[in-house]
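# sequence first, then the predicted structure:
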Amino acid sequence: MPRSPLKYSLGILLFSALYFCGGQLGLQFQKFNSVTHIWPPSGIALAAVLLFGRRIWPGIVIGVMLLAYSAGVPVKAYMLGILGNVIEPIFGAWLITRFTGGRKFFATTSSLLRFVGLATLFSPLIAATLGTTGFCVAGIYLWENFSLVWVTWWLGNAMSILLLTPAILVWYEKPVFRQSWTTWAEICILYSLLAAISWTVFGMQELILENSLPLTYLPLPFIIWIAIRFGVKGVTVANLFLAVVAIHSGAKASGPLNQTHSLETLILEVAFMGIMSITGLIVATVLSERKKAEMALRHREELTRAIVDSAAEGIMTINAHGKIRSFNPAAEGIFGYAASEVINKNVSMLMPENIGLTHDSYLNNFQQTGRSGIIGISREVQGKRRDGSVFPMLLSVGEVATTGPRCFSGIIQDITERKQVEMQLQASLEEKNTLLNEVHHRVKNNMQVISSLLSLQARRHKTPEVQTMLRASQNRIRSMALIHEKLYLSSDLARIDFNEYVQDLAANLCRVHDLPADKIDVQIKVDDIRLSLDTAVPCGLIINELVINALKHAFPGNNGGKIHIGLSRAEPMPNNTELNTLVLEVGDDGIGLPTSFDVKKTASLGLRLVYTLADQLKGTIQLHRGNGTVYKIRFSQNDKQNLEVA
């Protein structure tokens with residue numbers, strides 16, 4: 001209903017007038033005083049409440065009062081009737097909304113049957129009970145006739161709801177009925193035949209044989225025909241027409257439904273109208289459901305077909321016997337066959353002979369055991385094109401869930417280009433590895449040449465200081481050459497196993513300084529860490545300088561002792577929580593450094609080099625004096641690829 005007060009008032013008045021006119025029409029067929037076999041206002045009121053809500057109730061009150069006044073019914077008689085006529089449509093609308101899903105209850109068969117069972121039969125009980133009670137209290141009817149009046153009232157309201165409510169709702173939703181002229185011609189013929197057969201059955205009493213009640217249902221085939229051709233709209237009009245004919249015939253006390261007792265006539269009329277109306281509505285609803293289901297199925301099929309046809313991958317389906325059932329355009333492009341050339345052919349035609357035999361064995365195993373080893377997995381296989389060329393493809397096989405015979409889907413990707421790229425990358429990688437091997441080999445050889453030159457130069461000089469400097473430089477060259485040698489011999493040309501490197505470096509330093517194994521104990525504790533070349537070289541030089549320094553100065557008088565070398569992971573450095581932090585530790589248990597010794601002011605090239613290399617690593621150095629000397633270099637490794645567990 002409109003929310004404007006003026007529009008709302010006009011709407012209430014219009015509805016009251018419609019309610020009054022419907023009541024006047026119903027009173028034309030009354031069996032008792034103001035009680036009729038069909039009460040149109042019940043169906044009108046229920047449809048109005050479903051369409052416009054409960055705010056329509058003032059129109060019901062006005063309509064009932066106008067009808068009571070025009071029929072001369074006392075006030076005390078129609079007061080309960082007003083209450084019953086207001087509650088009935090509101091209760092019926094609640095039942096329909098709660099149990100049938102709303103006013104489109106004729107959309108499904110189950111909701112239509114709930115409408116018939118709940119709204120049509122239960123909601124009129126209120127109006128019939130209150131109205132009959134009011135009339136009996138006012139003395140219009142005797143209490144001994146209460147049951148007869150109550151049944152007549154209840155059935156009249158029920159038939160009105162069954163006939164009028166669906167008609168009003170369906171025509172209100174779609175008032176336009178556009179059809180072609182041929183359809184209109186069919187409509188005219190159908191309704192003319194319905195009118196003719198109805199006139200024959202109900203109007204020509206002399207042509208009807210005695211006990212001819214079954215002939216009353218001759219219009220039923222036409223109702224079904226109309227339901228099939230024109231749906232709920234057409235069948236509601238036909239039902240209203242038949243109801244008018246049957247009730248008019250009953251009011252004239254003629255026709256095959258007329259009996260000596262009024263209750264028998266009432267029951268026969270209600271049965272006739274109920275059977276015709278419910279049958280027509282059910283047929284129309286079932287066909288509507290089927291049409292909607294077919295449209296939905298067609299839409300799903302079209303959508304599925306569109307997805308399959310537009311897919312970049314080849315998609316095909318095969319049955320349990322290996323026969324191809326469908327073949328999308330992408331598959332046509334991959335294999336070079338048109339779909340018509342492969343449909344109903346064995347899928348092995350798309351494979352090399354050896355692959356086809358393997359596929360046949362899988363298929364035979366599936367047919368015998370119901371199990372297959374290729375369902376639900378992707379694997380690389382070879383395919384065969386129409387021109388006989390063989391190509392690599394990625395095949396994914398899945399079982400399609402259907403209610404019919406088993407079938408399987410195959411999704412194919414032509415991976416020829418990918419394989420070519422992989423081969424190029426592999427060749428490039430092998431070429432790179434060869435080049436890096438050659439680089440490391442040449443760098444190592446060149447460093448060995450430099451080391452040999454330094455050794456020759458040291459032998460020629462008789463000055464001890466010069467010899468010491470040349471040998472120190474020679475050791476530094478050897479420590480760097482050893483890294484390139486390890487990389488050359490390693491399968492990983494980017495990272496070095498630092499534990500193995502430190503073991504060899506320490507052994508080489510002890511051998512160069514000609515130290516007996518029972519004098520100096522070199523202890524190495526390095527985590528399984530791989531370092532990049534940029535990190536390994538500074539670390540190796542730092543170890544070289546600090547170990548040589550310990551060998552030269554920590555153990556005077558050829559005394560023995562211990563040297564320890566370690567590399568481990570540590571907690572992140574302050575303000576560098578996302579970096580991988582390492583601690584390189586080199587120490588000894590020798591005489592230690594004097595407290596007055598300042599490493600930053602020393603003239604030693606080795607120690608200055610240690611500090612320079614630590615700065616290169618962006619690390620910090622901690623010097624611990626006491627029981628020997630311990631250097632701890634703490635640095636962060638940014639590149640995660642250069643810091644991995646071996």
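Alright, I've got the coordinates.
# the helix or strand containing residue 86 - contacts with which helices or strands?
For residue 86, the enclosing helix or strand under DSSP states H and E is helix 75-99. Packing partners of helix 75-99 (3 or more C-beta pairs under 8 Å, 6 or more residues apart in numbering; DSSP states H and E): helix 40-52, helix 57-71, helix 124-137. In short, each C-beta sits where N, CA and C put it, glycine included.
# just send those helices back as a markdown table, with mean neighbour count, mean pLDDT and distance to residue 630 too.
Shown next, in a markdown table, are the helices and strands packed on helix 75-99 (neighbours: other C-beta atoms under 10 Å; pLDDT from 0 to 100; distance: least, C-beta to C-beta, whole Å):
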| stretch | mean neighbour count | mean pLDDT | distance to residue 630 |
| --- | --- | --- | --- |
| helix 40-52 | 25 | 91 | 93 |
| helix 57-71 | 19 | 87 | 98 |
| helix 124-137 | 22 | 88 | 100 |
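# including distance to residue 524, could those go into CSV?
Below are those laid out as CSV (distance: least, C-beta to C-beta, whole Å):
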stretch, distance to residue 524
helix 40-52, 91
helix 57-71, 98
helix 124-137, 99
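# of those, which is nearest residue 340?
When the helices and strands packed on helix 75-99 are ranked by proximity to residue 340, the top entry is helix 40-52, at 55.0 Å, counting by C-beta to C-beta.
# could you check the angle helix 75-99 makes with that closest one?
If you take axes from the mean of the first three to the mean of the last three C-alpha atoms, to 10 degrees, helix 40-52 sits at 50 degrees to helix 75-99.
# export helix 40-52 as PDB, just CAs?
Output of helix 40-52 as PDB, limited to C-alpha atoms (Å, rounded to 0.1, in the frame of the first residue of the first chain):
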ATOM      1  CA  PRO A  40     -15.000 -14.100  -3.000                       C
ATOM      2  CA  PRO A  41     -13.900 -11.600  -0.300                       C
ATOM      3  CA  SER A  42     -11.800 -14.300   1.400                       C
ATOM      4  CA  GLY A  43      -9.600 -14.900  -1.600                       C
ATOM      5  CA  ILE A  44      -9.400 -11.200  -2.400                       C
ATOM      6  CA  ALA A  45      -8.400 -10.300   1.200                       C
ATOM      7  CA  LEU A  46      -5.700 -13.000   1.400                       C
ATOM      8  CA  ALA A  47      -4.200 -11.900  -2.000                       C
ATOM      9  CA  ALA A  48      -4.300  -8.200  -0.800                       C
ATOM     10  CA  VAL A  49      -2.500  -9.000   2.500                       C
ATOM     11  CA  LEU A  50       0.200 -11.000   0.600                       C
ATOM     12  CA  LEU A  51       0.600  -8.100  -1.900                       C
ATOM     13  CA  PHE A  52       0.300  -5.100   0.400                       C
END
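# what residues sit buried inside the host helix or strand of residue 165?
Using DSSP H and E, residue 165 sits in helix 146-173. The neighbour-count check on helix 146-173 (16 or more other C-beta atoms under 10 Å) flags 148-171 as buried.
# burial count for residue 181?
Neighbouring residues of residue 181 were enumerated by other C-beta atoms under 10 Å; the total is 7.
# got a list of what the closest residue to residue 381 other than its chain neighbours touches?
Distance criterion C-beta to C-beta, 6 or more residues apart in numbering; nearest residue to residue 381, sequence neighbours excluded, is residue 395 at 5.1 Å. By C-beta atoms under 8 Å, 6 or more residues apart in numbering, residue 395 lies in contact with 378, 379, 380, 381, 383, 410, 411, 412.
# just the buried ones out of the residues you listed, please.
Among those, the ones that count as buried by 16+ other C-beta under 10 Å are 383, 410, 411, 412.
# identify the farthest-apart pair in those.
For the buried ones among the contacts of residue 395, and using C-beta to C-beta, no pair is farther apart than 383 and 411, which are 12.6 Å apart.
# what residues of the helix or strand harbouring residue 24 count as buried?
In this assignment (DSSP H and E), residue 24 forms part of helix 5-27. For helix 5-27, a neighbour-count test (16+ other C-beta under 10 Å) marks 8, 11, 12, 15, 16, 18, 19, 20, 22, 23, 26, 27 as buried.
# for those residues, which one is nearest residue 629?
Using C-beta to C-beta, residue 8 is the member of the buried residues of helix 5-27 that lies nearest residue 629, at 101.4 Å.
# the closest one touches residue 52, doesn't it?
No - the criterion here is C-beta atoms under 8 Å, and residue 8 misses it with residue 52 at 9.9 Å.
# and residue 398, which helix or strand is it part of?
Here residue 398, judged by DSSP H and E, is contained in strand 390-400.
# let's see the pLDDT reported for residue 282.
Confidence at residue 282, expressed as pLDDT, is 93.
# contacting residues for it?
Applying C-beta under 8 Å, 6+ apart, the residues near residue 282 are 109, 112, 113.
# cutoff 7 Å now
Shown in contact with residue 282 (C-beta atoms under 7 Å, 6 or more residues apart in numbering): 109, 112.
# quick check, it in a strand?
No - looking at residue 282 with DSSP: H, G, I helix; E, B strand; the rest coil, it is helix, so not inside a strand.
# for residue 235, see how far away it is.
Here residue 282 is placed at a distance of 10 Å from residue 235 (C-beta to C-beta, to the nearest Å).
# likewise for residue 323?
Taken as C-beta to C-beta, the span from residue 323 to residue 235 is 47 Å.
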